[in-house]
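give me coordinates for this.
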Amino acid sequence: MGSKMRLRYLFLSASFSLTLTLPNQAAAQAMEKVKVATTFLGLWDTSQPTFCKERGEFAKAGLDVEVTSTRGGSENVQAVIAGGHDIGYSPGTNSVLAAYAQGSKIKIVGAEFKGQNDTYFYVPADSPIKTIDDLKGKTVAFPRPGGASEALLLALKGERKLDFKPVATGGMDATFTMAMTKQVDVGYGIPPSGLDAVDGGKVRVLFAGDDVASQRNLTGRVNIASADFVKNRRATAVKFFQVLDNCIDWAYANIEESAKMYAALNKVSPAIAAKGLAFYKRASLAFGPVQGMDDVMKGAVDAKFIEKPLTADQLADLVDILYTSKK
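Residues are numbered from 1 along each chain as shown. Coordinates of the predicted model:
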């Protein structure tokens, strides 16, 4: 082979190698990191980012999503405030309002869940408590201060003029033990946790979130992001919620497969998982504007999360809706 032919061969080989290499490098460089703190991984709505990641949908869209579980509204908000996470998925609206009022640089970027019907409250089968009206003077569990469950109980107290004591008991397993050993009169659960005990007759469901009329159509949980993330990586944030919304559509369109994923994550039977899914309507998991913000703020004031409602200017600064669900 002559020198000119060799040079031409080497040039073409190098060009072909470069053509193969550059797209792979570009693809790797295009992956955008997003750190998400979700509230109580294992719940149907708050597990959606994890399910979407496991199905590879984020990666297909060029997103490298890292999901971390937190133990309630205040802890979720703090994960974003501290700077370790870009997005806080599903903290209670009250805890977000409180953090903003104290000067935290966060944004509400959309509603996460409407109403509170995924939270239920139970008593041991032998409890003398039969109805909501029997709660007077009793202790009622909720996870952590600042979360949506606490707001629900405070709304119930006001709505029914009942004098009971909400008690922060932490995780659901610990709460179940406290309820069964009479350390607290009423436990709380979020499906599918505890539904096997309901099925087995160990506990009775006393009421669920939608029994609190004032909370049915309010946005009890929101999605937040750090102000810097929204300012500097807005397109990435929008893409995250677009992809996730499509994943949620898929989950409801393929409910049997979703129930299996839900069951595996929570280590329960598919039958119990299916009963848990009955608590969640697709319309409740809708990104977009916060519903009933005036009522939400009034509740936050009454519960002493904030001293007074935010002004119109403060709300304009706090709320920046990035994406609204198609349905």
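
tell me how many other residues surround the residue nearest to Asp294 when sequence neighbours are not counted.
Spatially, and ignoring its direct neighbours in sequence, Asp294 is nearest to Pro309 (7.4 Å; Cβ to Cβ, 6 or more residues apart in numbering). Where C-beta positions appear, they are placed from N, C-alpha and C, glycine not excepted. As a burial measure, Pro309 scores 17 neighbours (other Cβ atoms under 10 Å).

I figured Pro309 hits Met297, correct?
Yes - assessed by Cβ atoms under 8 Å, Pro309 is found in contact with Met297 at 4.2 Å.

quick one: mean pLDDT over stretch 245-255.
Regarding stretch 245-255, the rounded mean pLDDT is 96.

which positions in it come out as buried?
Residues 245, 247-248, 251 are the ones in stretch 245-255 that count as buried (16 or more other Cβ atoms under 10 Å).

which of those fall in helices?
Residues of those located in helices (DSSP state H): 245, 247-248, 251.

between those residues, which is nearest Ser90?
Ile248 (12.8 Å; Cβ to Cβ).

isn't that closest one up against Lys281?
No - counting by Cβ under 8 Å, Lys281 is not a contact partner of Ile248; they are 11.8 Å apart.

confirm Tyr89 sits in a strand?
Yes - under DSSP: H, G, I helix; E, B strand; the rest coil, Tyr89 falls within a strand.

list the residue ranges of the stretch 1-150 of the chain that fall below the pLDDT cut-off.
1-29 (pLDDT under 70).

let's see it at 50
7, 9-27 (pLDDT under 50).

which residue ranges of it form helices?
3-30, 48-54, 57-60, 73-81, 93-101, 148-160 (DSSP state H, counting those that start in this stretch).

which helices and strands does the fourth one pack with?
Contact partners of helix 73-81 among helices and strands, from 3 or more Cβ pairs under 8 Å, 6 or more residues apart in numbering; DSSP states H and E: strand 32-39, strand 63-70, strand 87-92, helix 93-101, strand 106-114, strand 219-226.

including distance to Lys165, could those go into a markdown table?
Shown next, in a markdown table, are the helices and strands packed on helix 73-81 (distance: least, Cβ to Cβ, whole Å):
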| stretch | distance to Lys165 |
| --- | --- |
| strand 32-39 | 24 |
| strand 63-70 | 25 |
| strand 87-92 | 19 |
| helix 93-101 | 18 |
| strand 106-114 | 26 |
| strand 219-226 | 21 |
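
neighbours around Gly82, how many?
Wrong residue type there; residue 82 is Ala, not Gly. Neighbour tally, Ala82, other Cβ under 10 Å: 10.

what about it, distance to Asp228?
In this view, Ala82 and Asp228 are 13 Å apart by Cβ to Cβ, to the nearest Å.

repeat for His85
12 Å.
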